[in-house]
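Enquirer: model this:
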Amino acid sequence: MSDHPSQASPDTPEGADANPEAAAVIKRARRSFLVSIAVLVFGLMAVAVALVYRLNREEPGAGPYAITEIALPADAELVSASAGDGQVTLTYHEGDATRIRVVDGRDGTVIADIAVIGE
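Expert: Modelled structure (predicted):
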């Protein structure tokens, strides 16, 4: 670099050394540009997060309990029902017998139909 006043450093625009008002305007413009870029980047990040969230969430009815009804024998009297681990367990009386039916909560298939007997 030479001592010639017309040559400015690469960081400052030409003439900024000669005019402090111009340097202040350029400084404000840079700050405004950086704020605008930061807002744009945060906005794009928010859109990306929303897209990932929407793509990864489960569809309605795809949870562990998608069934809407469970079939029992016509003369059955329901005693209790409980749900856990994606299965529905029903205890019911059928005539004089007590039975337990375990059903898959997603598709309604009977996993087990157990007769309860006395010892």
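Enquirer: For Arg106, list the residues it contacts.
Expert: 64-67, 86 (CB atoms under 8 Å, 6 or more residues apart in numbering). Any C-beta I mention is one placed from the backbone N, CA and C, and that applies to glycine too.
Enquirer: what do you get if the cut-off is 7 Å, keeping everything else the same?
Expert: Applying CB atoms under 7 Å, 6 or more residues apart in numbering, we find Arg106 in contact with 64, 66, 86.
Enquirer: Find the centremost residue of this structure, please.
Expert: Tyr53 (3.8 Å; CA atoms, centre = their mean).
Enquirer: Report the contact partners of that one.
Expert: Tyr53 neighbours (CB under 7 Å, 6+ apart): none.
Enquirer: Per-residue pLDDT of it, please?
Expert: With respect to pLDDT, Tyr53 scores 90.
Enquirer: doesn't it fall inside a helix?
Expert: Yes. Assessed by DSSP: H, G, I helix; E, B strand; the rest coil, Tyr53 belongs to a helix.
Enquirer: picking up where we left off before, looking at the contacts of Arg106, which is nearest Ile100?
Expert: Proximity of the contacts of Arg106 to Ile100 (CB to CB) peaks at Gly86, which lies at 16.9 Å.
Enquirer: gap between Val25 and Leu44?
Expert: 29 Å (CB to CB, to the nearest Å).
Enquirer: And Thr109, by the same measure?
Expert: 46 Å.
Enquirer: Lys27 too?
Expert: From Lys27 to Leu44 the distance is 26 Å (CB to CB).
Enquirer: what's the answer for Gly108, then?
Expert: 44 Å.
Enquirer: Pick out whichever of these two has more residues nearby.
Expert: Neighbour count, other CB atoms under 10 Å: between Gly108 and Leu44, Gly108 has more, with 14 against 10.
Enquirer: mind listing what the closest residue to the more buried one other than its chain neighbours touches?
Expert: In this structure, Gly108 finds its nearest non-sequential neighbour in Ile67, 4.3 Å apart by CB to CB, 6 or more residues apart in numbering. Residues near Ile67 by CB under 7 Å, 6+ apart: 105, 107-108.
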